[in-house]
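Trainee: model the following, please.
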Amino acid sequence: MMTRLFGGEISDAITSKSDKLAAPTDAKAITPINPGNFASIRTAAIIEAPQYFSKEEADARKALAKEKTEGARYTKKYLRATSQIEEADTTVHVAYRKHQKVLATTEYTKKKADVGLAKHLLGLAPGYAKLGVGLEKAENRATERIAAIQAKLLGGIEK
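Mentor: The predicted structure is shown next:
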């Protein structure tokens with residue numbers, strides 16, 4: 001429909017801009033087109049059948065569990081802080097886009113005022129042209145009068 005109304009080039013330009021605007025802010029950002037990695041973490045292998053373990057194996061597993069529990073606590077803290085950073089970045093991003101809207105609107109308003117002034121000035125141009133013609137006529141009349149007065153005063157005597 002846009003192609004019919006505005007021609008192919010304009011439609012292509014709109015599509016190009018839409019593609020750019022819809023592009024993620026980072027190639028690794030999670031989007032419907034890039035859902036990310038669904039990998040999981042598994043430190044310990046799955047025990048597939050009942051079996052016995054030794055005291056050493058049990059103690060080693062207990063130490064590993066303590067280490068991983070502590071690591072999980074730090075990981076949660078790290079990810080919470082990373083989320084806060086992302087939310088702060090988003091706040092800045094949204095505020096900046098609002099600022100750009102203001103800039104775009106005020107720039108348009110300023111340019112509209114410039115065009116309005118230019119149109120007004122162009123509208124005055126014929127009047128200025130008439131003023132110029134009027135001045136030339138007045139200057140010619142004054143020159144003619146001066147010449148007539150000089151001719152009278154000098155009585156035809158040439159300098």
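
Trainee: now do the SS call for the residue nearest to the spatial centre of the chain.
Mentor: For the chain, the residue lying nearest the average C-alpha position, counting by Cα atoms, centre = their mean, turns out to be Gln100 (5.5 Å). The three-state assignment at Gln100 reads helix, by DSSP: H, G, I helix; E, B strand; the rest coil.

Trainee: and for the one 3 residues further on?
Mentor: Applying three-state DSSP to Leu103 yields a three-state assignment of helix.

Trainee: now the helices for the protein?
Mentor: Along the chain, counting by DSSP state H, helices occupy 2-6, 8-22, 55-154.

Trainee: now for Ala13, how many residues are close by?
Mentor: By other Cβ atoms under 10 Å, 13 other residues sit near Ala13. Just so you know, the C-beta spots here come from the backbone N, C-alpha and C atoms, and that holds for glycine as well.

Trainee: so where's this protein shaky on pLDDT?
Mentor: Low-confidence segments of the chain, defined by pLDDT under 70: 1-11, 14, 156-159.

Trainee: ok, the residue nearest to Ala27 when sequence neighbours are not counted to Leu135 distance?
Mentor: In space, not counting the residues next to it along the chain, Ala27 is nearest to Asn34; the distance is 7.8 Å by Cβ to Cβ, 6 or more residues apart in numbering. Distance, Asn34 to Leu135, using Cβ to Cβ, to the nearest Å: 73 Å.

Trainee: same question, Ile149
Mentor: Going from Ile149 to Leu135 by Cβ to Cβ gives 21 Å.

Trainee: can you check Ala72 too?
Mentor: For Ala72 relative to Leu135 (Cβ to Cβ), the value is 91 Å.

Trainee: kindly report the same for Glu144.
Mentor: Glu144 is 15 Å from Leu135, by Cβ to Cβ.
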